[in-house]
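[1] what would the 3D arrangement of this be:
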Amino acid sequence: MGDEKQAKQGFLEKIASMLMKKVQAFVAFQFLIFTAGMVFALIVKDFSPWLLLVPPVLGLIAYYSAAFSLLLFVFFIIILIF
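    Predicted structure coming up:
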């Protein structure tokens, strides 16, 4: 009985780990897309070039931090819903 419970727990942990890696990569990719959009906006319209650093830095943090990427993912979902 205990082996079955440990097997289920291990399986669920594998799925959660795999899902978090996908969310991290997705959020990091979104910030790379934001960066590309901001570079295009810089070409079209003049604004502070320091703003170009925000999306890549957030993307890097999201790629390496599961909690931060999950928080940003939830934020994106809330923005899409409302």
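[2] any idea which helix or strand comes after the lengthiest helix in the chain?
    Taking DSSP state H as the assignment, the helix of the chain that covers the most residues is helix 2-44. Reading on from helix 2-44 to the C-terminus, the next helix or strand found by DSSP states H and E is helix 54-64.
[3] what about F76, which helix or strand?
    In this assignment (DSSP H and E), F76 forms part of helix 66-81.
[4] now do that helix, average pLDDT.
    The average pLDDT within helix 66-81 is 84.
[5] other residues contacting it?
    When contacts are taken as CB atoms under 8 Å, 6 or more residues apart in numbering, the neighbours of helix 66-81 outside the stretch itself are M20, V23, Q24, F26, V27, A28, Q30, L58, I61, A62, Y63. Bear in mind the C-beta positions are built from the backbone N, C-alpha and C, glycine included.
[6] residue contacts, the residue nearest in space to the middle of the chain?
    In the chain, the C-alpha closest to the average C-alpha coordinate belongs to V27, at a distance of 2.1 Å (CA atoms, centre = their mean). With contacts taken as CB under 8 Å, 6+ apart, V27 has the following neighbours: G59, A62, Y63, S69, L72, F73, F76.
[7] any weak-confidence spans in this structure?
    Along the chain, segments meeting pLDDT under 70 span 1-2, 44, 46-47.
[8] switch the cut-off to 80
    For the chain, residues meeting the criterion pLDDT under 80 lie at 1-5, 7, 38-54.
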